[in-house]
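In: quick one, what's the 3D model for this:
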Amino acid sequence: MNRAALALLLTSSGFALLASQGCALPVVSAGNFLPAGDLQPGEFHASVSMEASRVLAGPSDVHDPSTTSAAAPIPDEAQKWQVSTWFASDLTLRYQLLRRVTLEGQIKLTNPISPFVPNLVGGALGVRIRLLEHAPAQGFAAEIGLKAVGISAQQTLDRTAGDLQQTDTWNYRAFGAELPLIVTYRVNSLMAVTASPFLRAYYIRAWHNLDTLSTHEQTILFFTPVLSGGLGVSFAFDLGPLQLAPGLAMELATRPGDNANTHVLFEPGVSVGTHF
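Out: The predicted structure follows:
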């Protein structure tokens, strides 16, 4: 199987997963920071990743006081969504447009607890500018990136007690930007080590609808910023036509709201890709 066929298989397999529907949290990929300096003009790199990624907001973050009703208590059944990290997947395609310019597109997926199947929540478009090039098989390379991200997700919880029925629905919308610096040392043609400090800034809006047979209540979190910064490290191993890149990011991140705590998150992940 040639590299182009492998890339098509990776991408088509990922799109097949998009047909599944279910609850999803809005997350931001930890980023298996793909090596800098490897692509030549006219080349593509396609990859699929699985990561533990940062959750932008959960049900308890929808608590803005200027709402149509007071914030309702979080149901016990929704506690599984009160987390700081969540499993996520990315489908990424990079194209080396010019010697120093790379275009990047990404489909962002998130994995509900049950069933554990990726769901589409958003995407990203970005560019990398190459600052430093390495020799064909060894040396340092550096790129700086800028990526615009949009995310939309929904959680639904249905509850029944006798003749009483209640539906809780949390909706999340977020947009923002990511600014990574990607520094790679290619040890040889088979292995590269990458370190990437990064900054991320997002605005998120969320609302909670509580519906029964006779009532409708809504709690709204208006657009509010969430910020983070951190460092990612990854190791890329070139195994014939495939590239395997396990990685780990450490991130200092905020949640929505003036009084939200800042969290230190550790986000492991792995990606599999090929270039052609």
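In: could you measure from Glu217 over to Gln82?
Out: Taking Cβ to Cβ, to the nearest Å as the measure, Glu217 falls 20 Å from Gln82. To be clear about C-beta, it is placed using only N, CA and C from the backbone, and glycine gets the same treatment.
In: got it, and Leu93?
Out: From Leu93 to Gln82 the distance is 34 Å (Cβ to Cβ).
In: which of the two has more neighbours?
Out: Taking other Cβ atoms under 10 Å, Leu93 and Gln82 do not tie; Leu93 has more neighbours (17 against 12).
In: list the helices and strands the strand or helix carrying that one packs on?
Out: Secondary structure from DSSP states H and E places Leu93 in strand 85-98. Where contact means 3 or more Cβ pairs under 8 Å, 6 or more residues apart in numbering; DSSP states H and E, strand 85-98 is packed against helix 3-17, strand 27-28, strand 44-55, strand 101-110, strand 263-275.
In: at 10 Å what do you get?
Out: Packed against strand 85-98 by the contact rule (3 or more Cβ pairs under 10 Å, 6 or more residues apart in numbering; DSSP states H and E) you find helix 3-17, strand 27-28, strand 44-55, strand 101-110, strand 119-132, strand 263-275.
In: between that strand and strand 263-275, how big is the angle?
Out: Here strand 85-98 points in a direction 40 degrees away from that of strand 263-275 (axes from the mean of the first three to the mean of the last three Cα atoms, to 10 degrees).
In: show me the beta-bridge partners of Gln106.
Out: Per DSSP bridges, residues listed as beta-bridge partners of Gln106: Thr92, Ala124.
In: quickly list what Asn119 is bridged to.
Out: Thr110.
In: tell me how far it lies from Ile151.
Out: Counting by Cβ to Cβ, the gap from Asn119 to Ile151 is 12 Å.
In: cool, Val48 as well?
Out: The gap separating Val48 from Ile151 is 19 Å, by Cβ to Cβ.
In: do you know how far the nearest residue to Asp238 once chain neighbours are set aside is from Val272?
Out: In this structure, Asp238 finds its nearest non-sequential neighbour in Leu190, 5.2 Å apart by Cβ to Cβ, 6 or more residues apart in numbering. When distance is defined by Cβ to Cβ, Leu190 is 16 Å away from Val272.
In: and the two? Which one has more around it.
Out: Shown here are Leu190 and Val272; by other Cβ under 10 Å, Val272 has more neighbours (17 against 11).
In: make sure that one is actually in contact with Leu242.
Out: Yes - the criterion here is Cβ atoms under 10 Å, and Val272 meets it with Leu242 at 6.2 Å.
In: pLDDT below threshold where in the chain?
Out: 1-24, 30-32, 63-73, 112-116, 258-259 (pLDDT under 70).
In: dump the residue contacts of Asp76.
Out: Asp76 is in contact with Arg159, counting by Cβ atoms under 10 Å, 6 or more residues apart in numbering.
In: list phi and psi for it.
Out: phi -60, psi -40 (degrees, to the nearest 10).
In: hmm, back to that, Val48 and Ile151: who's more crowded?
Out: Remark: of Val48 and Ile151, Ile151 carries more neighbours, 23 against 20, as counted by other Cβ under 10 Å.
In: can you report how many residues neighbour the closest residue to that one other than its chain neighbours?
Out: Counting by Cβ to Cβ, 6+ apart, Gly122 is the residue found nearest to Ile151 once chain neighbours are left out, at 3.6 Å. By other Cβ under 10 Å, the residues close to Gly122 number 21.
In: please apply the same query to Leu131.
Out: 15.
In: the residue lying closest to it once chain neighbours are set aside sits in which helix or strand?
Out: Distance criterion Cβ to Cβ, 6+ apart; nearest residue to Leu131, sequence neighbours excluded, is Ala142 at 4.5 Å. Element membership of Ala142, judged by DSSP H and E, is strand 139-161.
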